[in-house]
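Asker: Attaching a predicted model along with its sequence, questions to come.
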Amino acid sequence: MSALTVAALAVGFVLLVAGGESLVRGAGRLAVSLGISPLVVGLTVVAFATSTPELAVSVDAALSGHPGLAVGNVVGSNIANVLLILGLTALIAPLLAKSRIVRVDIPIMVGFSVLLLVVALDGVISSLDGLLLFAGVVAYVVATVIISRRRAADPTSTAQDEPTVEHAEGATGEQSAAGAGTPESAAGAVDVDPAEDGASHSVLKSSAMVALGVLMLVVGARLLVTAASDLAAAWGMSDLVIGLTVVAIGTSLPELATSLVAAFRGERDLAVGNIVGSNMFNIGAVLGITSLITPIEVAAGAIRFDLPIMVAVALALLPIAFTGMAIKRWEGLLFAGFYAAYIAYVVLQASDHDALEPFSTAMLWFVIPFTAVWLIVLATYELGVIRGRRQVRRHLVPDE
């Protein structure tokens with residue numbers, strides 16, 4: 001490893017941390033100034049911003065004749081976003097999942113994942129497929145912003161979307177949901193000056209902070225990806241494997257930096273919204289725009305294994321968020337463990353290691369089924385708890 005590579009890794013890391021801080025502070029201020037929730041900002045502005053490295057890498061890879069890198073980048077990044085980034089972030093601070101995320105955004109993310117698998121079954125993501133993916137994400141963003149502005153004008157609908165106090169206390173053990181995820185709490189988390197609130201100057205300043213954060217994130221991720229890709233190529237890895245591992249993790253570093261900073265600053269709904277929104281942007285915008293520029297060939301191995309794993313990971317997030325409307329520390333540890341197992345499988349498969357067969361057998365017949373059954377039991381239990389609370393409220397509230 002050369003001194004230049006070490007320097008690139010170090011500078012890239014510093015830029016990612018600083019960029020994540022600037023992006024989260026600017027996004028929180030922007031939410032207050034525009035009168036929309038930090039959750040919506042995370043699902044749209046922050047998600048698109050942190051997906052720009054994936055877009056740059058995928059377009060460059062497709063134009064350079066490395067389509068496997070483009071597909072592997074997006075698929076691997078989406079898997080890393082859920083398993084690695086949400087897992088590590090939840091280990092630091094349990095993440096609140098608003099009912100809107102469980103009801104609407106995660107199912108839409110699952111839909112995008114299934115749609116990508118379907119359009120890739122013929123081995124090519126054509127320009128028509130790309131137009132369909134891109135139109136889907138544009139429609140989602142427009143609908144999300146319009147609905148958010150309407151809900152902001154109706155305080156009762158906003159209150160209904162908050163996690164209950166019991167859920168929040170049980171999930172975090174640190175703070176209740178009262179005030180969490182609202183524009184007012186965002187203002188407190190990012191130290192918004194009351195004199196700036198609502199002023200056009202505040203909007204411009206917040207937008208500048210977001211833009212500066214994005215710039216630092218893109219440059220930092222680029223430095224890390226370049227250094228790591230050189231090392232991986234020297235070890236003889238294929239384009240698909242590099243895309244699924246080194247480049248996927250590297251281009252997910254902006255999401256990691258943003259989510260960790262958001263968790264430290266108390267913007268936990270922004271951390272979750274960032275990941276869910278980023279996964280949709282990766283599919284709809286990144287692969288959509290890339291395939292509009294040039295059709296993307298999809299390797300058979302990605303269709304057989306990696307794309308189905310991406311869909312399964314998206315589905316796994318639904319019951320995790322549903323249990324208590326939160327992603328708890330033990331669930332974060334479970335996600336991080338599964339990501340380590342996934343990376344181990346990809347590396348073993350690429351190297352054709354003797355341990356691949358027993359490892360695959362253990363994962364396929366024990367670990368994955370056991371986890372699936374456990375999640376189903378938890379979701380069923382939580383559904384019963386929610387129904388019980390609703391019945392109690394009906395008895396406590398007198399009929400009018």
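Answerer: Here it is on my side, so go on.
Asker: With adjacent residues omitted, what lies nearest to Gly220?
Answerer: Excluding its sequence neighbours, the residue lying closest to Gly220 (C-beta to C-beta, 6 or more residues apart in numbering) is Leu15, at 3.0 Å. (Glycine included, C-beta is placed from N, CA and C.)
Asker: whoops, I mixed them up, Thr44
Answerer: Leaving aside its chain neighbours, Thr44 sits nearest to Val141 (5.5 Å; criterion: C-beta to C-beta, 6+ apart).
Asker: Quick check: which element contains the one you found?
Answerer: Counting by DSSP states H and E, the element that carries Val141 is helix 127-152.
Asker: Distance from that helix to the middle of the chain?
Answerer: 17 Å (C-alpha atoms, centre = their mean, to the nearest Å).
Asker: Kindly spell out which helices and strands sit in contact with it.
Answerer: Contact analysis of helix 127-152 by 3 or more C-beta pairs under 8 Å, 6 or more residues apart in numbering; DSSP states H and E lists helix 38-41, helix 106-119, helix 155-160, helix 268-281, helix 288-293 as its packing neighbours.
Asker: immediately after the first one, which helix or strand?
Answerer: Translated: helix 38-41. helix 47-50.
Asker: Packing partners of that next one?
Answerer: With contacts taken as 3+ C-beta pairs under 8 Å, 6+ apart, helix 47-50 sits against helix 200-234, helix 248-264, helix 268-281.
Asker: To Asn78, which of those lies closest?
Answerer: Among the helices and strands packed on helix 47-50, the nearest to Asn78 by C-beta to C-beta is helix 268-281 (4.7 Å).
Asker: now that closest one against helix 106-119, angle please.
Answerer: On the basis of axes from the mean of the first three to the mean of the last three C-alpha atoms, to 10 degrees, helix 268-281 is oriented at 20 degrees to helix 106-119.
Asker: Now helix 268-281: average pLDDT?
Answerer: The pLDDT scores in helix 268-281 average 81.
Asker: pretty sure Gly136 contacts Gly284?
Answerer: Yes: the pair Gly136 / Gly284 is scored as a contact, 5.2 Å apart, by C-beta atoms under 8 Å.
Asker: Identify the contacts common to these two.
Answerer: Counting by C-beta atoms under 8 Å, 6 or more residues apart in numbering, the common neighbours of Gly136 and Gly284 are Phe112.
Asker: out of these two, which sits in the more crowded spot?
Answerer: The neighbour comparison of Gly136 against Gly284 (other C-beta atoms under 10 Å) goes to Gly284, with 25 against 19.
Asker: okay, now the closest residue to that one other than its chain neighbours: neighbour count?
Answerer: Once flanking residues are discounted, Gly284 sits nearest to Val137: 2.6 Å by C-beta to C-beta, 6+ apart. Residues near Val137, counting by other C-beta under 10 Å, number 24.
Asker: Quick check on Ala120: phi, psi?
Answerer: Backbone geometry at Ala120, expressed as degrees, to the nearest 10, gives phi -90, psi 0.
Asker: In contact with it, which residues are there?
Answerer: Counting by C-beta under 8 Å, 6+ apart, Ala120 makes contact with Val71, Val298, Ala302, Ile303, Leu307.
Asker: repeat that with 6 Å
Answerer: With contact taken as C-beta atoms under 6 Å, 6 or more residues apart in numbering, Ala120 is in contact with Val298, Ile303.
Asker: related to what we said a few turns ago, how about the helix holding Val141: buried residues?
Answerer: Neighbour-count burial for helix 127-152, counted by 16 or more other C-beta atoms under 10 Å, picks out 129-130, 132-134, 136-137, 140-141, 144-145, 148, 151-152.
Asker: The helix or strand containing Ala8 vs helix 248-264, what angle?
Answerer: Using DSSP H and E, Ala8 maps to helix 3-34. Comparing the axes of helix 3-34 and helix 248-264 via the same axes, to 10 degrees yields an angle of 50 degrees.
Asker: What helices and strands are in contact with helix 3-34?
Answerer: helix 38-41, helix 183-189, helix 200-234, helix 248-264 (3 or more C-beta pairs under 6 Å, 6 or more residues apart in numbering; DSSP states H and E).
Asker: still on that earlier bit, which one of the helices and strands packed on helix 127-152 lies nearest to Arg394?
Answerer: Closest to Arg394 of the helices and strands packed on helix 127-152 is helix 155-160 (C-beta to C-beta; 15.9 Å).
Asker: related to what we said a few turns ago, Tyr345 is nearest to which of the helices and strands packed on helix 47-50?
Answerer: Across the helices and strands packed on helix 47-50, closest to Tyr345 is helix 248-264 (C-beta to C-beta), at 14.1 Å.
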